[in-house]
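Asker: what follows is a protein structure lacking sequence information:
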């Protein structure tokens, strides 16, 4: 915590008196901030745990790229190649005119062709790609994302991954360039994406952003870094501690017993328990500090839950029902519920008096070594459903469109191999990601969409090594671009992302 930040927090507490309840202090901060904060900004990280197969998420559909894609993936015991643009769904039980196979509910033949998208700026054609113009598509279950892209509200960042410096295929093969540690390891690459170093990292770049911006939230810094998906190193700062919320129900924070109306049959017991566990008049510094933290947490929970009962918060739209298109049954979309909680927190920002927030949500299950045709399409549909809901919810919070104040972006461990292993894919490296928001320069693909294809039959792909893409854009560039929009200075960007100086382009232009 810097001196200015410390004095601001200390001054706010001192003005109210050391005996003032923490909830009262927060309420005063909210009142001082006023009813609206036109300069409010929020970053929302959507992490896809397990490694999403980007090759079946954002696809190059020009004849040259599609030919190599389809030839490689239309193999194995359960082929994972999607159908070309314009292909009608084959009814279950009938034979596909494209593959000659009988369609099943969990086979690409039954889903129809990939959904075409047309970037506003043509993508450069990389070496090894024999096409006059590159065209693109999205997985057939991502209709809401196609709509957002066409509305220029969604951008795609191509072939991004963990890098130390720009790396060519030859440099990788000869180990003549510095490479990230523990490539292809789930835990290490999740940590490297979130914290720029392998498992065991103590601070993430979202938390470092929060450190720098916490002073904009007055004495209310506790709500600067907020997770609706448990503990995440992404949100851990040097001074800011992430605040975790429940999802999908009221209250926003549940502390059993001490906040109920009854405990063990007694209506007086909750307050007695609260007094006991927050009593700082105890022998020993450790016990007193622990009681202080507990008391602060209880009061903060009361403040958040009270804010969540405000009409502007409760009016946040409920996420619509989600239907699994393969199994044809209604399921819970946990990602949509997490984003609903984030939307409620954003709606409460003026009540809480906060102007900068970083959020973390997640969806697991992307480690599709097997049964990819069953798992990934449903997960992609959940992402599309959740992001579309979130965009809609932010468009009308208390009659105000908040979408230009919120930028949402996806991240994942890594992408997956271009080749199928029979019915799935294995760990790889570079992949494609989405950025959503009113400030996003949408309707475009940023970075270089790579050449596709394995090194077979004399073809040499400059972007591919043994089935995985070498990233052409780094996580550091991705994060730096988001940080600049959030208000982080160029100098601080260089501190948080020291490797970004290794790359020719620091900021990528999608916001």
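Answerer: Alright, I've got the coordinates. Just so you know, these numbers come straight off a predicted model, no measurement behind them. Residues are numbered from 1 along each chain as shown.
Asker: quick one: the helices in the stretch 51-200 of the chain, in order.
Answerer: 63-73, 143-150, 169-174, 186-195 (DSSP state H, counting those that start in this stretch).
Asker: list of residues touching the third one?
Answerer: So the one you mean is helix 169-174. 176, 177, 179, 462, 463, 464, 465, 470 (CB atoms under 8 Å, 6 or more residues apart in numbering). From N, CA and C alone the C-beta is placed, and that goes for glycine too.
Asker: which members of those are the farthest-apart pair?
Answerer: 176 and 464 (18.3 Å; CB to CB).
Asker: ok, residue 205 - contacts?
Answerer: For residue 205, the contact set (CB under 8 Å, 6+ apart) comprises 194, 195, 196, 234, 479, 483, 496, 497.
Asker: those residues into a markdown table, with extra columns for pLDDT?
Answerer: Shown next, in a markdown table, are those (pLDDT from 0 to 100):
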| residue | pLDDT |
| --- | --- |
| 194 | 98 |
| 195 | 98 |
| 196 | 98 |
| 234 | 98 |
| 479 | 98 |
| 483 | 98 |
| 496 | 98 |
| 497 | 98 |
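Asker: what's the closest of those to residue 118?
Answerer: residue 479 (28.1 Å).
Asker: just give me the neighbour total for that closest one.
Answerer: Residue 479 is flanked by 28 other residues according to other CB atoms under 10 Å.
Asker: before we move on, what about residue 320?
Answerer: The number of residues packed near residue 320 is 12, by other CB under 10 Å.
Asker: which ones are touching it?
Answerer: 385, 389.
Asker: just the element for it, please.
Answerer: Residue 320 is part of no helix or strand when elements are defined by DSSP states H and E.
Asker: out of the contacts of helix 169-174, which end up buried?
Answerer: By neighbour count, with 16 or more other CB atoms under 10 Å, the contacts of helix 169-174 hold 179, 462, 463, 464, 465, 470 as buried.
Asker: please state the backbone phi and psi of the fourth one?
Answerer: Okay, so that is residue 464. When read as degrees, to the nearest 10, the backbone of residue 464 gives phi -120, psi 130.
Asker: would you agree it is in contact with residue 471?
Answerer: No - contact criterion CB atoms under 8 Å: residue 464 and residue 471 do not qualify, at 11.6 Å.
Asker: export the contacts of residue 205 as a markdown table, with columns for distance to residue 84.
Answerer: Formatted as a markdown table, those follow (distance: CB to CB, whole Å):
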| residue | distance to residue 84 |
| --- | --- |
| 194 | 36 |
| 195 | 40 |
| 196 | 39 |
| 234 | 38 |
| 479 | 35 |
| 483 | 39 |
| 496 | 43 |
| 497 | 39 |
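Asker: and which of those is nearest to residue 422?
Answerer: Nearest to residue 422 among the contacts of residue 205, counting by CB to CB, is residue 194 at 31.5 Å.
Asker: how much space separates residue 320 from residue 386?
Answerer: Going from residue 320 to residue 386 by CB to CB, to the nearest Å gives 10 Å.
Asker: please give the number of neighbouring residues around residue 167.
Answerer: Residues within reach of residue 167, counting by other CB under 10 Å, total 20.
Asker: does it really touch residue 180, like I thought?
Answerer: No - at 9.6 Å, residue 167 does not count as touching residue 180 under the criterion of CB under 8 Å.
Asker: and residue 327, what element?
Answerer: Assigning secondary structure by DSSP H and E places residue 327 outside every helix and strand.
Asker: how about it: what's its closest non-neighbour residue?
Answerer: residue 105 (7.4 Å; CB to CB, 6 or more residues apart in numbering).
Asker: for that neighbour, give me the pLDDT.
Answerer: Looking at residue 105, its pLDDT stands at 97.
Asker: just residue 17 next, same as before
Answerer: Residue 17 is given a pLDDT of 32.
Asker: ok, residue 144 next?
Answerer: At residue 144, pLDDT is 98.
Asker: count of residues packed around residue 115?
Answerer: 21.
Asker: pretty sure residue 147 is in contact with residue 388, am I right?
Answerer: Yes - between residue 147 and residue 388 there is a contact under CB under 8 Å: 7.2 Å.
Asker: now the strands: where do they sit in the stretch 151-300 of the chain?
Answerer: Remark: strands assigned in the stretch 151-300 of the chain by DSSP state E, counting those that start in this stretch are 154-161, 225-227, 243-244.
Asker: quick one: strands adjacent to the longest one?
Answerer: Partner strands and pairing direction for strand 154-161 (DSSP bridges) are strand 431-437 (antiparallel), strand 445-446 (parallel), strand 473-474 (parallel).
Asker: dump those into TSV; add mean pLDDT and mean neighbour count as well.
Answerer: Shown next, in TSV, are these (pLDDT from 0 to 100; neighbours: other CB atoms under 10 Å):
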stretch	mean pLDDT	mean neighbour count
strand 431-437	98	26
strand 445-446	98	24
strand 473-474	98	26
